[in-house]
Each structure stands twice: as structure tokens, then as C-alpha cells.
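**Q** quick one: sequence plus predicted model below, questions after.
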Amino acid sequence: MPDFSTLCKEFENARNLQKPFVVYRKPGTLDVQLFVQKDSSVYRFKTEREAGFIFSPFNVNRAGMFFPSEKCQFFSADYKESDLENCSVGKKVELKITEDFDRREQYLTLVSHCLDFMRRTGTRKIVLSRKEEVQISGLPVVCILRNLLENYPDAFVYIWYHPSVGMWAGASPETLLSVEKDQFKTMALAGTQRIKGDKELVWGQKEKEEQQIVTDYIKNELGGLITRISPAKTIRGRTGCSYLYRVGRDINERFWTESN
């Protein structure tokens, strides 16, 4: 097994040669995984029997991009804090985001419309988001990986790249699906509040309602596909950010099969 610095050099080399790759680490582990595709072809995910790494949009009508195992080189390495320091090249880049007041007013208007819609229709929850575009130069990809690993130990962190699409990087504390035999587990994650030092957190009715909405939605959507939902347990923990806690709930289900 290569050491972590060797793994960093492998995916930096893949990036420089514009080879498709994904480097990732699962939550709460030390094992960093790297897939480097041997060619630049675009492969599509076709069946769950295929082995590899899939990167898929939320739109079910669009096929996910797929790195097939047989088309990839695979590397794996454990890391320690000292490894991260050795892998740090370049200096951290200060990001300056200039607020666009016109876009801000547009967003506030949208919030107002959503609140009005919720009052009129009884809708319980709407999630709004907006994006910020920032130009970055002089920040090596390995530094992005280092920052992800350091700052989000309890999240799934990744950097994904394909020359025909571009690069994506992220950290998610939420498990979409975990499967073992005929059982699977998902997570209803919602309810956020700021961490204030060592002060004990008190979850109010607002956060509990936010989380319950997500739990109810998942149970309702899966109700016709499963035979049993086990009692859920509530979990509380850091999202990976230094200032946020979220309240979540693990939900265990059993697949519906003809034999049942």
C-alpha cells in the first residue's frame, strides 16, 4: 500500500495529464481511496451489477457518469496529520466575495414569495439556495484535499474530475443509502444551530420540526416499497463545520421482495 504522499502525487499527476479521477474518504475513517481512469472516455452507469464509482445528478432522467473498476487504476492509503502537512504545497488563498446587492434583493424577494406561498397553501418546508461564483488561482488540488480531510473528519469528502465535465469537490455528513443484504439504512438530516464553544446545545421545537419533516417525507416515499421500518434513533453531531451541529435520525428499512 502506498503512503499518503505517494497517493497525492498520483492524483496530482492525473490532474496534470487531464485523466479522469476521483479521490475520496468515507466518514470517520483514515483510508483515502483513489480511482484514476486509464482513458478519457465517458462511461455511463447501466446496472447495479457494475463495480466502480458513479457520479450522478439528482435528475433521474440523466445518466450518471461512471468510472468502471476495470478501466481504472486503484490506489489506497491511510493518512495521518503529519502526512497532510507533508502533502501541503503552495499557500492558502484568501477568498474575497463581493456582495451583489441586486442579487441579494432578488433572493430576498424570492424568500418573501415563498413565505406567502407557504401561508396560502400550508406547505411546511421549502429549501432555497443560491450560488456564489469565485475565481481561484494558485491553489493546488492537493491543498483542497488537505483542507477537506482536516476540516470534515465525519463527512464523506471527495474530489472528482473529468476533462469533459470539470472538477467537483465536496463534503457531506449525510448518508444517502447504506445496504447490507436485504436491509438498508438512510438518514434524515435537518435542524441546524451554531456551536458556541463548550456550551450545551438545546434543541428547540423549530429544529425538531425541521428534522421530523424530513423523516416523515422519507417514510412516506418509501412506504410502498418496504415491509418494515424499524424504530429510528436520533443522533446529534458536528456536520464537519467548526460551528454547526445538526440533528439527524437513522432509519432502517427492509427491502420488499416477492418471497415476502
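**A** Good, I have the coordinates. Numbers count the residues shown, from 1 in each chain.
**Q** find the nearest non-adjacent residue to Ser178, please.
**A** Counting by C-beta to C-beta, 6 or more residues apart in numbering, the nearest residue to Ser178 once its immediate chain neighbours are dropped is Lys185, at 4.5 Å. Yep, even glycine has a C-beta here, placed from its N, CA and C like the rest.
**Q** flag the shaky bits of the stretch 51-200 of the chain, pLDDT-wise.
**A** Low-confidence segments of the stretch 51-200 of the chain, defined by pLDDT under 70, span residues 80-95, 97, 138, 191, 195.
**Q** what number of residues lie near the residue nearest to Ser178?
**A** Taking other C-beta atoms under 10 Å as the criterion, the count of residues near Lys185 is 14.
**Q** what of Ala63?
**A** As a burial measure, the neighbour count of Ala63 was computed by other C-beta under 10 Å and equals 15.
**Q** what of Lys125?
**A** Lys125 is flanked by 11 other residues according to other C-beta under 10 Å.
**Q** mind checking the SS state of the closest residue to it other than its chain neighbours?
**A** Setting aside the residues directly before and after it, Lys125 is nearest to Ile213 in space (C-beta to C-beta, 6+ apart), at 4.9 Å. Assigned with DSSP: H, G, I helix; E, B strand; the rest coil, Ile213 falls in the helix class.
**Q** Ile213 contacts Ala190, correct?
**A** Yes - with contacts counted by C-beta atoms under 8 Å, Ile213 reaches Ala190, the gap being 7.0 Å.
**Q** hang on, the earlier thing: which residues touch the residue nearest to Lys125?
**A** Taking C-beta atoms under 8 Å, 6 or more residues apart in numbering as the criterion, Ile213 is in contact with 124-125, 190.
**Q** what of Thr29?
**A** Listed by C-beta under 8 Å, 6+ apart, the contact set of Thr29 is empty.
**Q** now the helices for the stretch 151-260 of the chain?
**A** 205-222 (DSSP state H, counting those that start in this stretch).
**Q** centroid residue for this protein?
**A** Ser172 (2.9 Å; C-alpha atoms, centre = their mean).
**Q** is it true that that residue touches Met187?
**A** No - under the criterion of C-beta under 8 Å, Ser172 makes no contact with Met187, lying 10.4 Å away.
**Q** surely Ser164 touches Asp39?
**A** No - under the contact definition of C-beta under 8 Å, Ser164 does not touch Asp39, with a separation of 11.8 Å.
**Q** okay, the contacts of Ile213 in CSV with distance to Glu180 next?
**A** What follows is those, written out as CSV (distance: C-beta to C-beta, whole Å):
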residue, distance to Glu180
Arg124, 32
Lys125, 31
Ala190, 25
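**Q** for the residue nearest to Ser178, list each beta-bridge partner.
**A** Beta-bridge partners recorded for Lys185 (DSSP bridges): Ser178, Asn252.
**Q** ok, and the closest non-adjacent residue to Gln18?
**A** Taking C-beta to C-beta, 6+ apart, and ignoring the residues beside it in sequence, Gln18 has Pro163 as its nearest neighbour in space, at 4.4 Å.
**Q** burial of the one you found, as a residue count?
**A** Each residue near Pro163 was counted by other C-beta under 10 Å, and the total is 13.
**Q** now the strands for the chain?
**A** 21-25, 31-37, 43-44, 52-55, 65-68, 72-78, 156-162, 166-172, 178-180, 183-194, 226-229, 233-238, 244-255 (DSSP state E).
**Q** the first one vs strand 31-37, what angle?
**A** Right, the one you point to is strand 21-25. For strand 21-25 and strand 31-37, the angle between their directions (axes from the mean of the first three to the mean of the last three C-alpha atoms, to 10 degrees) works out to 170 degrees.
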